[in-house]
Every structure is written in C-alpha cells, then in structure tokens.
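# predicted model and sequence below, questions to follow.
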Amino acid sequence: MVFSWLRLTELDSGLLLQPWLRHIRRNGDRQVITSGVRTLSVLAPLGPYFPDFLTPPEGAQGLGSALAAIRSTPRHRLREEFGLLEDVRPTPEWTRPLAAGDGESLLELTEAFARYHRAVIAPYTDLIEEAVETDRVHRNGVAGSIEGLLRGMWPLMNWRPPVLEVQYAHDRDLHLNGRGLRLVPSYFCRRTPVAFADPGLPPTVVYPLHHDWTWQRQLDSGRREQGALAALLGSTRSAVLAAVGAGATTTELAERLGASPSSVSRHTTVLREAGLLTTERQGLSVLHQRTLLGSALLGKN
C-alpha cells in the first residue's frame, strides 16, 4: 500500500504501471484517494526512512492481518519510529496521538487505509496477485536451489557468498545472525529493493517483481469476461468470485468489495455449493479459494 501511493504521486511511475494509473485516475474515488495520499505522504515521505510499523510482516496473510498488526503496534515502538521520522522531516500535530499509541487514532488510521485499499488496490487484486505468483513461480522454477534463487536476483541483487549485495539508496549492513531472509515480490516497488529499517525485525527484502507487459490486455479482457460472468451468476457473486484472488477470508472479501461479512458469507455459500469455491477453516477465520471450475469461469486456467 505504501509503495502504491509513491507510484500515484511520482512523475515517472514507469511505463508498465501506466494502465493501472489511468484506470485509477479515471474510475477511482478521488476523495478517498486524495485523503489516503495525504496521510501516507506524511507517514511515509519520500526519502531515506518511513516507519516499519506501516508494513508489518503479517501483511503476507492479507489486508485484515496487516491492519490488525498496525493497530496492535507496541507504544514504545511507535515512539521510536515516529522519533526517527521526525528526524527526517517535521510531522504535523495530528500525528502526536499516533506516536503515543492512542487506540482510537490507530483505529482511524487503519480504517482510512482500508478505504484507500478498496479504491486503489482492491479492484486490481486479481491481476496483482497473478503477477506476483507468476514472478514467484518463475524464479523458483529457474533457480533449482536457494543459491540459484539468489543468483537469479541479478541485477537487483548480487550474490557473493556469504553476502547478498542489494542495490539501495543508502549504505547499511544487515546481519542475519542465524535468521532466515524473506524475499517479497511487490507489484508497486520500483527500481531498488527495500528492507526494514529496524535490524531487530524479521530480515525482509521487498523487491520489484518482473512486470508482465500484458496488464492492459488482461484488464480489458477481464472486463469483458466479467460482463459475461455477471450475466451468468449475477454481478455480486461474479465480483465475489473474482475478488477471491489467490485466496481470501470472508473479512478480506468484505473489505475488498465494500460489503458486509454476512452478505459475503451468503454469496460464498452459494458459490461453494455450485463447486466454484472451496472453504477451509483456519482458526477463527475461513479461507476461500477458487476451484478449477471457478478459475475456468474467470478465464484463469
């Protein structure tokens, strides 16, 4: 989400993101987008630092998990990270309650992030997840081993055992000390990889994925397919089926679609009974995934 606002505001967002930008500017909720950009421009300014709590590792489990992690950030960590942010550039008065760990302020922040996500990212979740998965499968398939994977990161990274050199705007060393390294492809990350500023956090490198030049073709084709699918299933159920992406909980689907969880649950039940979705309980949540038939209806096979 942080990287998406950077792409929205920079003059050169890259040729491969131009179709996404055009669709956002033409079809997006301008009030929500403007508000989100203003908030993120303060909390994640262009420069050498933005707070790590904005990009929690829990984001790998979906938007809901990421927002919950942001809301539960320890107060001492918020104080430290806002202090570092203040060293980069002065922050406005409205950030003081956030820096102090005020629960209501954190809730308002995550609600604003959820609205921004619905306007800027959620409509394109399926295409983004497909691009990320394609990048991951391609790199794993070519690599054959961990060392092959690291060597295959050239020119973004240079593997010189036992050191992985990363092209980065600022010099720093990160010692794993026996910890693993998590490599995360990002649709909106550009030019150089990014790592957490705090060396005590799980070692993570977010890197720009290899973009597919077919974004515009997929988007146009997907719109035609969605129109036909809506005629078959109804617009709401076809939207639910598309929003599942690589997998989503009921809460995440509700956030992506701007619908109530109870409404989404009714539609996923119908889609599951029709053989288009599978549902698996994971703790207090249930994970929905498309079946082969569901993917075939969306033209994803």
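Here it is on my side, so go on.

# my guess is Pro97 contacts Ser105, does it?
Yes. Pro97 lies in contact with Ser105 (Cβ atoms under 8 Å); the separation is 3.9 Å. Any C-beta I mention is one placed from the backbone N, CA and C, and that applies to glycine too.

# can you confirm Trp159 is in a strand?
Yes. Under DSSP: H, G, I helix; E, B strand; the rest coil, Trp159 sits within a strand.

# that one: how many residues sit nearby?
17 (other Cβ atoms under 10 Å).

# is it in a bridge, and if so with what?
Leu164 (DSSP bridges).

# who's in contact with it?
In this structure, Trp159 makes contact with Glu147, Leu150, Arg151, Met153, Glu165, judged by Cβ atoms under 8 Å, 6 or more residues apart in numbering.

# possible to save the residues you listed as TSV with neighbour count?
Listed next are those as TSV, based on neighbours: other Cβ atoms under 10 Å:
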residue	neighbour count
Glu147	11
Leu150	18
Arg151	16
Met153	18
Glu165	9
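
# so which of the residues you listed belong to helices?
Glu147, Leu150, Arg151 (DSSP state H).

# show me where the stretch 201-301 of the chain has helices.
In the stretch 201-301 of the chain, the segments counted as helices under DSSP state H, counting those that start in this stretch are 215-233, 235-243, 250-257, 261-273, 292-297.

# lowest average pLDDT across the ones you listed?
The minimum mean pLDDT among those belongs to helix 215-233 (a mean of 56).

# low pLDDT regions in this structure?
10-16, 137-138, 140-144, 210-231, 246, 299-301 (pLDDT under 70).

# let me see the domain layout of it.
If you go by automatic domain parsing, the domain ranges for the chain are 2-120, 129-208, 215-297.

# end to end, how far does the longest one reach?
Going back to what we said before, that points to domain 2-120. Domain 2-120 stretches 11 Å from its first residue to its last (Cα to Cα, to the nearest Å).

# ok now it, how far from the chain's centre?
Centroid separation between domain 2-120 and its chain, computed with Cα atoms, centre = their mean, to the nearest Å, is 12 Å.

# over to stretch 201-212?
11 Å.

# what's next to it, contact-wise?
Residues contacting stretch 201-212 (Cβ under 8 Å, 6+ apart): 3, 16-17, 52, 55, 57, 131-132, 134-135, 138, 153, 156-157, 166, 174, 176, 179-187, 189-196, 218.

# then stretch 285-298?
126, 225, 229, 232, 241-242, 244, 246-251, 253, 268, 271-272, 275-281, 300-301.

# that stretch: which residues count as buried?
Neighbour counts over stretch 285-298 (16 or more other Cβ atoms under 10 Å) mark Ser285, Leu287, His288, Arg290, Gly294, Leu297, Leu298 as buried.

# ok, Thr251 touching Ser262?
No. The pair Thr251 and Ser262 fails to qualify as a contact (Cβ under 8 Å) at a distance of 11.2 Å.

# those two: who's more crowded?
Ranked by neighbour count (other Cβ under 10 Å), Thr251 and Ser262 place Thr251 first, with 19 against 9.

# who are the contact partners of His105?
No, residue 105 isn't His; it's Ser. By Cβ under 8 Å, 6+ apart, the neighbours of Ser105 are Pro97, Leu98.

# typo on my end, Leu150
With Cβ under 8 Å, 6+ apart, Leu150 has these contacts: Met157, Trp159, Leu164.

# can you name the next helix or strand after whichever strand or helix holds Ser4?
Under the criterion DSSP states H and E, the helix or strand holding Ser4 is helix 2-9. Counting by DSSP H and E, the next helix or strand C-terminal to helix 2-9 is helix 18-27.
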